[in-house]
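Colleague: structure, please.
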Amino acid sequence: MEKVQATLEEILTRFTAMDTSVKTVSEEVTSLRKQVEEFGDEMDHIKHRVHDTGKSTPSSSSALHQETTPPPADKGHGVPLLANNHPPLLGTPQQQPSGFHTAPSSPHEQDVRPTLHAQPDQEEYRPRQPRHDFPRFHGEMPLLWIDQCLTYFEMYRVPVHHWVSTATLYLDGLAAMWFQAYKRLHRRLTWDEFTGAVVTEFGHDEYDVQMTKLQQLRQTTSVNEYKAQFEECMYHLLSLDPTMSTRWFVSQFVFGLRDELRGPVRFQAPTSVTRAAALAKIQEEEVEHIRPRNRPAAPTKHPPQPVAGVVHRPALGRTELPHRQGNDDFNRERQIRDFRRANGLCFKCGDKYSKEHQCKRSGQLLTIEVGEFGEVLSDDAVVALDLLEETTIPATCYHLSVHALTGTEALETVRIRALVGNQVMLLLIDSGSTHTFVNKSFAERAGCTIQSVPTVLVKVANGQILSSDAQVQGLQWWTQGSTFVTYMRVLELGAYDAILGMDWLEQFSPMLCHWRQKTLTFNYLGKSITLQGVLSKPQESLQEMSVEQLNKWISGNEVWSMAMIDPIQQTTKSVPNIVQSDMQSLLEEYHDVFYQPTTLPPHRVLDHSISLEPGAHPTNSRPCRYSPLQKDEIERQVSEMLDRGVIQTSMSPFA
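Modeller: Here you go, the predicted model:
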């Protein structure tokens with residue numbers, strides 16, 4: 001026990017000594033910090049003095065000698081000592097080593113004070129860097145964040161072995177949670193391994209997302225806002241792939257402009273996005289000038305001052321009406337005008353509009369005089385007059401070739417197989433159609449997002465008029481190794497799932513088309529691609545297939561038409577139907593059984609009837625709507641049953 005107690009006392013003594021040493025070291029560190037701060041202040045002071053003396057050049061060698069002599073130490077400042085009375089680890093400004101010199105702050109000092117230059121093997125004095133926050137990473141745009149990290153490391157001279165640990169301290173949100181799980185499986189990461197993992201996790205689809213966003217971008221506001229959104233996507237893509245073609249960006253920018261701006265800008269053939277945006281802005285201003293504006297209200301005409309002895313009678317027809325009535329009348333006129341335009345009617349007279357249409361002439365009111373001094377028109381009345389003075393603009397009408405509707409193939413068309421998700425899509429590239437359309441049934445099958453838009457008329461080459469009131473903003477489809485994103489109008493088509501019209505062909509012009517071999521060659525995303533159309537195959541013999549295979553093709557939209565084929569049977573010589581004599585006599589005996597009944601069946605013990613509850617009321621429901629074929633069949637059957645007496649005319653509400 002005595003040995004144990006002695007050992008414990010020895011351990012306690014050692015701990016006490018260690019505690020004393022730790023306190024001593026802490027005091028020394030505190031003193032050292034103060035010395036470093038004083039050293040920094042003295043360095044700043046020396047720098048300012050050197051800068052001030054550099055401005056005033058000495059006039060003599062004595063002045064130069066006096067200038068180069070270091071100033072005496074202040075009496076109030078002694079040599080600082082540590083807590084243990086040891087000399088400081090760093091020399092104070094008054095006790096700098098003989099080899100320490102400050103770097104010149106101006107070229108002038110290099111000429112007059114050569115003795116202050118630093119030694120060749122020492123680094124020059126560098127001013128303090130401004131404080132900058134380290135960039136934080138939330139999981140978006142990893143390449144930009146990595147570039148900012150490298151800039152920070154270079155500016156503050158962070159050692160390479162501290163790069164990963166420094167960067168991981170500034171991961172937030174999803175990025176921080178990902179790295180917490182990632183570092184459990186990967187220890188001692190290098191900077192290249194760390195950045196590669198970050199790009200793989202958060203930047204694998206960055207290019208595709210930005211490309212899709214750029215291709216779906218359309219102008220909905222002003223040109224400046226559209227240009228800002230477009231350039232944001234463009235510069236993001238260029239940072240990922242600097243080899244992208246400038247011509248492609250220009251054509252995509254022009255394609256996203258509004259209809260009234262796209263044509264004039266394309267006619268000018270701009271060579272850069274900045275040039276195209278400037279032309280679009282000029283055209284936008286011209287369109288704004290052409291549009292009718294509200295006329296300013298006429299200045300109020302003040303009546304003349306009354307003359308003494310003359311009594312003026314009040315003006316007739318100056319009864320003030322509520323302001324609400326003018327607004328209601330104007331809104332009603334605008335609604336009627338919009339409805340007539342949407343349905344292809346003349347918004348003035350309401351008749352069917354055509355190029356040869358002329359409104360029926362009605363009586364004209366030439367002059368209106370209200371009161372003694374006239375009446376000042378309200379703003380609503382002025383706007384209504386402007387609407388009446390507008391020239392009639394025909395409704396927008398698209399065109400569709402007859403091949404696209406009937407499902408046939410012509411020389412100037414190319415059929416292409418594509419994929420939308422897991423659905424096979426049959427595309428028809430048709431130069432006879434003005435716009436691009438997608439079949440409504442296919443859009444619903446593929447799960448596309450359908451948006452409602454103003455109705456447009458689609459005129460088919462055979463004279464038929466169709467209407468389209470929906471669109472798919474950006475339909476992404478893949479074919480032959482290339483992915484496209486196309487704006488399509490929704491329309492009820494025939495055999496084809498989608499039609500690529502002239503708007504799609506113009507977007508990728510110029511292109512080389514070989515209509516006989518069914519190939520199209522054009523530049524896409526900076527490289528030349530060739531699309532091979534479906535070639536007509538010779539008629540092959542039919543082969544049997546299983547039901548499972550047929551269901552698989554139907555679910556993948558690979559069956560575009562079905563037909564029922566009956567086998568051709570060889571005609572044989574007809575043999576007269578000889579009925580046995582006993583059977584024939586039986587049929588003749590009961591021939592009345594096979595007659596078509598023309599009257600009600602005879603009364604029986606239990607006759608069919610529908611008994612109503614006392615006080616029952618008939619239901620109030622809208623009449624059923626049938627197609628013309630169903631309506632004709634119902635009327636035919638009702639007429640026959642009335643003639644046979646099976647039913648009778650009834651005025652009951654329950655009939």
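
Colleague: what stretches of this structure score poorly on pLDDT?
Modeller: 54-129, 291-332, 355-356, 360-396, 407, 409-411, 537-542, 556-580, 622, 654-655 (pLDDT under 70).

Colleague: need the longest strand for the protein.
Modeller: strand 465-479 (DSSP state E).

Colleague: so which bits of that strand are buried?
Modeller: 466, 468, 470-472, 474-477, 479 (16 or more other Cβ atoms under 10 Å). To be clear about C-beta, it is placed using only N, CA and C from the backbone, and glycine gets the same treatment.

Colleague: redo the residues you listed as JSON lines? Include distance to residue 442.
Modeller: Formatted as JSON lines, the buried residues of strand 465-479 follow (distance: Cβ to Cβ, whole Å):
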{"residue": "466", "distance to residue 442": "16"}
{"residue": "468", "distance to residue 442": "15"}
{"residue": "470", "distance to residue 442": "13"}
{"residue": "471", "distance to residue 442": "14"}
{"residue": "472", "distance to residue 442": "10"}
{"residue": "474", "distance to residue 442": "16"}
{"residue": "475", "distance to residue 442": "10"}
{"residue": "476", "distance to residue 442": "14"}
{"residue": "477", "distance to residue 442": "11"}
{"residue": "479", "distance to residue 442": "15"}
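
Colleague: what's the domain layout of the chain?
Modeller: Domain assignment for the chain, taken from automatic domain parsing, gives 2-116, 142-202, 206-290, 397-532.

Colleague: closest to residue 643 out of these?
Modeller: Closest to residue 643 of the domains of the chain is domain 397-532 (Cβ to Cβ; 39.9 Å).

Colleague: end to end, how far does the closest one reach?
Modeller: 31 Å (Cα to Cα, to the nearest Å).

Colleague: so how far is it from its chain's centroid?
Modeller: 21 Å (Cα atoms, centre = their mean, to the nearest Å).

Colleague: can you name every helix or strand that the helix or strand harbouring residue 248 contacts?
Modeller: Using DSSP states H and E, residue 248 sits in helix 246-255. Under the contact definition 3 or more Cβ pairs under 8 Å, 6 or more residues apart in numbering; DSSP states H and E, helix 246-255 sits against helix 223-240, helix 259-267, helix 273-290.

Colleague: where do the strands sit along the protein?
Modeller: Using DSSP E, the strands found in the chain span residues 397-400, 413-420, 423-430, 437-439, 450-460, 465-479, 482-491, 498-500, 511-514, 519-524, 527-532.

Colleague: in TSV, list these along with distance to residue 228.
Modeller: Below are the strands of the chain laid out as TSV (distance: least, Cβ to Cβ, whole Å):
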stretch	distance to residue 228
strand 397-400	31
strand 413-420	31
strand 423-430	34
strand 437-439	30
strand 450-460	24
strand 465-479	20
strand 482-491	21
strand 498-500	30
strand 511-514	31
strand 519-524	26
strand 527-532	29
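
Colleague: out of those, nearest to residue 597?
Modeller: Closest approach to residue 597 among the strands of the chain is made by strand 465-479 (48.1 Å; Cβ to Cβ).

Colleague: may I have that closest one as CSV, with CA atoms only?
Modeller: Output of strand 465-479 as CSV, limited to C-alpha atoms (Å, rounded to 0.1, in the frame of the first residue of the first chain):
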residue,chain,number,x,y,z
ILE,A,465,-60.9,22.5,-91.5
LEU,A,466,-59.6,21.2,-88.1
SER,A,467,-59.0,23.1,-84.9
SER,A,468,-56.2,22.9,-82.3
ASP,A,469,-56.5,24.3,-78.8
ALA,A,470,-53.6,22.5,-76.9
GLN,A,471,-49.9,22.1,-77.2
VAL,A,472,-47.0,20.2,-75.8
GLN,A,473,-44.4,22.8,-74.8
GLY,A,474,-41.2,20.7,-75.2
LEU,A,475,-41.6,17.1,-76.4
GLN,A,476,-38.3,15.3,-76.0
TRP,A,477,-37.8,12.4,-78.5
TRP,A,478,-34.8,10.3,-79.4
THR,A,479,-33.9,8.8,-82.8
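
Colleague: reformat the domains of the chain into a markdown table and put distance to residue 555 next to each item.
Modeller: Putting those into a markdown table (distance: least, Cβ to Cβ, whole Å) gives the following:
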| stretch | distance to residue 555 |
| --- | --- |
| domain 2-116 | 75 |
| domain 142-202 | 34 |
| domain 206-290 | 27 |
| domain 397-532 | 9 |
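
Colleague: which one of those domains lies nearest to residue 342?
Modeller: Set against residue 342 and scored by Cβ to Cβ, the domains of the chain come closest in domain 397-532, at 5.5 Å.

Colleague: thinking again about what came up before, of all the helices and strands packed on helix 246-255, which one is nearest residue 532?
Modeller: Across these, closest to residue 532 is helix 223-240 (Cβ to Cβ), at 28.1 Å.

Colleague: how about that closest one: buried residues?
Modeller: Quick answer for helix 223-240 (16+ other Cβ under 10 Å): 223, 226-227, 229-230, 233-234, 236-237.

Colleague: which among the residues you listed gets closest to residue 186?
Modeller: Relative to residue 186, the closest of these is residue 236; by Cβ to Cβ it sits at 29.0 Å.

Colleague: how close does the closest one sit to residue 206?
Modeller: For residue 236, the distance to residue 206 (Cβ to Cβ, to the nearest Å) stands at 8 Å.

Colleague: residue 649 now?
Modeller: Relative to residue 206, and taking Cβ to Cβ, residue 649 is found at 75 Å.

Colleague: could you do residue 480 as well?
Modeller: 25 Å.

Colleague: out of these two, which sits in the more crowded spot?
Modeller: residue 206 (19 against 11; other Cβ atoms under 10 Å).

Colleague: surely residue 146 meets residue 195?
Modeller: Yes. In this structure, residue 146 is within contact of residue 195 by Cβ atoms under 8 Å, at 5.2 Å.

Colleague: picking that back up, so which of the strands of the chain comes closest to residue 241?
Modeller: Residue 241 lies closest to strand 527-532 among the strands of the chain, at 11.4 Å (Cβ to Cβ).

Colleague: so what does the closest one touch, helix or strand wise?
Modeller: Short answer (3+ Cβ pairs under 8 Å, 6+ apart): strand 527-532 packs on strand 519-524.

Colleague: quick check: angle from the strand it packs on to helix 246-255?
Modeller: When axes from the mean of the first three to the mean of the last three Cα atoms, to 10 degrees is applied, the directions of strand 519-524 and helix 246-255 differ by 100 degrees.

Colleague: what's strand 519-524 in contact with?
Modeller: Identification of contacts with strand 519-524 by Cβ atoms under 8 Å, 6 or more residues apart in numbering yields 245, 248, 414, 429, 482, 508-514, 528-533.

Colleague: now with 6 Å?
Modeller: The contact list for strand 519-524, computed with Cβ atoms under 6 Å, 6 or more residues apart in numbering, reads 508, 511-513, 530-532.

Colleague: need the longest helix for the chain.
Modeller: helix 2-55 (DSSP state H).

Colleague: return the list of helices and strands in contact with that helix.
Modeller: Here helix 2-55 touches no other helix or strand, going by 3 or more Cβ pairs under 6 Å, 6 or more residues apart in numbering; DSSP states H and E.

Colleague: quick revisit: for the helix holding residue 248, buried residues please.
Modeller: By neighbour count on 16+ other Cβ under 10 Å, the buried set for helix 246-255 is 249-255.
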